[in-house]
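**Q** My questions concern the predicted model and sequence given below.
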Amino acid sequence: MYSVNLRKIFQKKELLSLLQELVNPLNIGLDVETVDGTTLLSIGEQIGKQRHPIEVSGETIGWVLGAEQAKVVAILLSFLAKQEAEKKELAKELLERYQEIDLFEGISTQLTTSLDKHQIAELVLQEMSQLVESSAGMILLLNPHTGTFEVIGEYGQLFDHHQPLIDTGIVGHIVKSGRAELINDVPADLRSQGQENVKALICVPLRDKERVTGVIAIGTTKTDAYKAEHLKLVSIFASQTAIAIEKALMYEQSTKATAQAQAQTEKLQQALHNLQLAQTQLIQSEKMSSLGQLIAGVAHEINNPVNFICGNLRHVAEYAQDLLHLLQYYQQLSPVAPEQLQLDLENIDVEFIMEDLPKLLDSMKLGTDRIVEIVKSLKNFSRHDEAQMKTVNIHDGIDGTLMILRHRLKASINRPEIVIVKDYADLPQVECYPGKLNQVFMNILANAVDALEDSLEKSPETFTKPQINIRTHTLENGAIVIRIADNGPGMPEEVIQRIYDPFFTTKEVGKGTGLGMSISYQIIVEAHQGILKCRSQPGKGTEFWIQIPVKCGLEEVRDTSSIRIDPKNQLMQSAAVGDSEGFISSATPSLKPTQLLAYHTQLIRRLSKQNPDVNGASPDQMVEIFQRHPISLKLYATLLSCFCCPT
């Protein structure tokens with residue numbers, strides 16, 4: 001617990017007024033001193049010389065000198081000091097959380113630049129050696145078939161025989177237990193075999209879900225060199241390393257499988273490009289998921305002290321009301337106060353305090369209610385525990401996203417406030433992936449805010465009221481529609497045709513990866529079997545149409561307005577054709593007949609990895625397998641529809 005300075009507490013002017021109001025009815029005198037004997041406050045003449053301690057977590061930070069009644073003041077000051085200590089502790093925890101987020105983002109950004117496990121290992125060890133004092137370190141991968149370790153990166157030499165064994169020694173025991181350990185005296189450890197070249201060791205397992213896939217270890221020749229924060233830091237490195245290495249291994253396996261399946265160079269290059277693109281998006285999704293967990297954790301930590309404040313604020317209001325009532329009653333009984341007391345009453349302006357104190361408490365309650373609302377929005381937006389389909393209220397997700405973006409909507413020196421106009425219909429509960437859907441809302445709304453801000457910076461005279469309209473309604477086919485429109489600068493048709501392409505962006509370098517709308521398209525169309533389309537004209541704003549079924553089962557919401565057949569090239573293509581309202585759907589990739597056969601083979605092979613008995617399955621069993629994998633079913637149905645085309 002943080003130490004509290006009693007002097008800083010007495011710098012609050014309202015505290016002196018509160019003590020005066022508390023002591024006057026008791027008709028006592030008292031002094032408040034620090035532990036070194038410095039007097040901070042003196043009220044009246046002391047009748048007794050008793051010393052009442054002001055304590056925080058068992059530590060005395062000052063004294064109240066006076067009669068027995070002065071003990072009430074000591075208790076009040078102890079309570080205020082405890083609150084001050086708790087606020088400092090909360091600020092420390094929040095700072096640590098944000099430091100973890102910053103470190104996490106830096107590590108993840110660097111790891112995504114490589115898909116080679118050896119390069120990843122070298123990068124991690126290099127970064128870790130700069131942050132944690134160490135003379136040696138290594139990253140080992142566990143081979144489940146041979147039961148041995150593979151060294152993929154190291155510096156220095158941790159062990160005499162170059163690498164540990166899986167069934168003996170400190171590292172072998174940690175891998176079996178699956179728990180990270182900090183050992184500050186390696187020679188004294190009973191598991192030590194005397195082959196370690198270090199005296200202090202930190203060892204953390206690498207995990208893929210519940211399975212241990214390897215271990216990361218660092219050590220130093222100094223005894224008692226490591227603390228708990230070092231173990232926590234290495235654990236952060238381990239979690240990101242495990243994700244990056246798993247992606248690298250998937251990449252290696254996929255590359256080998258593609259090389260064996262594809263005989264032609266052109267097909268091999270195309271498959272490799274698609275694979276790299278998919279893995280980049282997987283890494284982006286993993287970062288969003290991990291950040292969502294951190295956001296939820298921060299919201300949870302804020303929630304506890306806020307609930308404490310909210311719970312006690314009501315009692316404070318009641319106590320204040322009682323004290324004010326007592327003061328009024330005292331004034332009625334003694335309308336003529338002594339001269340010195342009358343002077344003090346005039347100095348502190350009792351009438352103003354009696355009038356303003358209830359208003360002050362009401363404003364404090366409004367502030368705490370606002371914090372509770374923000375915490376609730378953070379939890380709703382993160383939804384880190386809702387990876388499966390849930391039945392939710394779509395409006396809650398939209399409102400939570402707007403709450404997160406509220407700081408960007410407020411007026412600033414350079415522009416007026418961005419007004420949000422809601423036109424919500426009475427929607428049914430929707431079965432969906434809430435966290436993924438919130439990510440779509442965030443991408444589209446953030447892009448709308450960016451467009452409005454850029455337009456206001458370039459030509460402020462053309463805008464008087466930047467606005468975003470959000471409208472929801474239901475369709476006759478049992479689907480719901482969310483329409484998000486802004487009155488920004490709009491986009492030309494050639495840009496609309498490419499907004500869903502991966503890595504395509506109209507923003508300046510460094511202001512976006514170009515993955516937002518591509519991932520949004522995958523979430524709406526592939527994960528929810530829905531429709532995502534856009535309409536826009538330069539100077540007339542942009543509007544997105546998000547359409548998903550209420551029950552996201554095997555049925556698809558098909559938008560065939562843009563599909564056409566090209567007999568000359570025998571391609572299934574998607575043309576940028578607008579519907580009756582001018583909305584343009586995203587373009588679907590074109591496929592040649594030879595590619596269709598290759599993708600059909602890959603899809604069945606991928607499905608057989610998840611279900612080894614797929615080759616001998618009956619048609620009914622195949623249907624059950626596809627029902628457990630709706631994304632694979634959509635891909636397979638798309639391929640079949642291409643096979644059945646007239647060409």
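**A** In hand now; what should we look at?

**Q** which helices and strands does whichever strand or helix holds H230 pack with?
**A** Take DSSP states H and E as the rule and H230 turns out to sit in helix 228-261. Applying 3 or more Cβ pairs under 8 Å, 6 or more residues apart in numbering; DSSP states H and E, one finds that helix 228-261 contacts helix 71-111, helix 117-131, strand 181-183, strand 200-208, strand 211-220, helix 265-333, helix 593-610. Quick note: C-beta positions are derived from backbone N, CA and C, even for glycine.

**Q** Partner strands of the fifth one and their direction?
**A** Note on strand 211-220: by DSSP bridges, its sheet partners are strand 136-143 (antiparallel), strand 200-208 (antiparallel).

**Q** how far does it sit from the chain's center?
**A** Taking Cα atoms, centre = their mean, to the nearest Å, one finds the center of strand 211-220 at 27 Å from the center of the full chain.

**Q** average pLDDT for that strand?
**A** Per-residue pLDDT values over strand 211-220 give a mean of 88.

**Q** try the shortest one
**A** Within the predicted structure, the mean pLDDT of strand 181-183 is 90.

**Q** got it, and the longest one?
**A** Per-residue pLDDT values over helix 265-333 give a mean of 70.

**Q** picking that back up, the helix holding H230 to helix 117-131, inter-axis angle?
**A** Counting by axes from the mean of the first three to the mean of the last three Cα atoms, to 10 degrees, helix 228-261 lies at 170 degrees to helix 117-131.

**Q** mind checking how far D208 is from I243?
**A** Plainly put, D208 is 9 Å away from I243 if you go by Cβ to Cβ, to the nearest Å.

**Q** who has more neighbours, those two?
**A** A count of neighbours by other Cβ atoms under 10 Å puts I243 above the other of D208 and I243, at 22 against 13.

**Q** mind checking how far the more buried one is from R179?
**A** Counting by Cβ to Cβ, the gap from I243 to R179 is 19 Å.

**Q** How about I531?
**A** From I531 to R179 the distance is 48 Å (Cβ to Cβ).

**Q** Could you do Q328 as well?
**A** 63 Å.

**Q** repeat for V336
**A** Counting by Cβ to Cβ - V336 and R179 are separated by 75 Å.

**Q** out of these two, which sits in the more crowded spot?
**A** Taking other Cβ under 10 Å, V336 and R179 do not tie; R179 has more neighbours (11 against 8).

**Q** which SS state does that one fall under?
**A** coil (DSSP: H, G, I helix; E, B strand; the rest coil).

**Q** Spit out the contact partners of the residue nearest to it when sequence neighbours are not counted.
**A** In space, and not counting its chain neighbours, R179 is closest to P205: 7.4 Å by Cβ to Cβ, 6 or more residues apart in numbering. Residues near P205 by Cβ atoms under 8 Å, 6 or more residues apart in numbering: 174-175, 178-180, 212, 214-215, 238.

**Q** Would you check which pair of those lies furthest apart?
**A** R179 and G214 (14.7 Å; Cβ to Cβ).

**Q** Can you pull the poorly scored residue ranges out of the stretch 351-500 of the chain?
**A** The model of the stretch 351-500 of the chain has pLDDT under 70 over residues 376-388, 461-464.

**Q** what about the helices in it?
**A** Along the stretch 351-500 of the chain, counting by DSSP state H, counting those that start in this stretch, helices occupy 394-404, 406-409, 434-458, 493-496.

**Q** For I546, find the nearest of those.
**A** helix 434-458 (6.8 Å).

**Q** From the chain's centre, how far out is the closest one? Work that out for me.
**A** 17 Å.

**Q** for the record, mean pLDDT for stretch 198-207?
**A** 89.

**Q** And for H395, the neighbour number?
**A** 16.

**Q** ok, it touching L427?
**A** Yes: in terms of Cβ atoms under 8 Å, H395 counts as a neighbour of L427; the distance is 6.8 Å.

**Q** list residues touching both of the two?
**A** In contact with both H395 and L427: T472, using Cβ under 8 Å, 6+ apart.

**Q** could you dump the strands paired with strand 211-220 to CSV with distance to I546?
**A** Putting the strands paired with strand 211-220 into CSV (distance: least, Cβ to Cβ, whole Å) gives the following:
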stretch, distance to I546
strand 136-143, 42
strand 200-208, 34
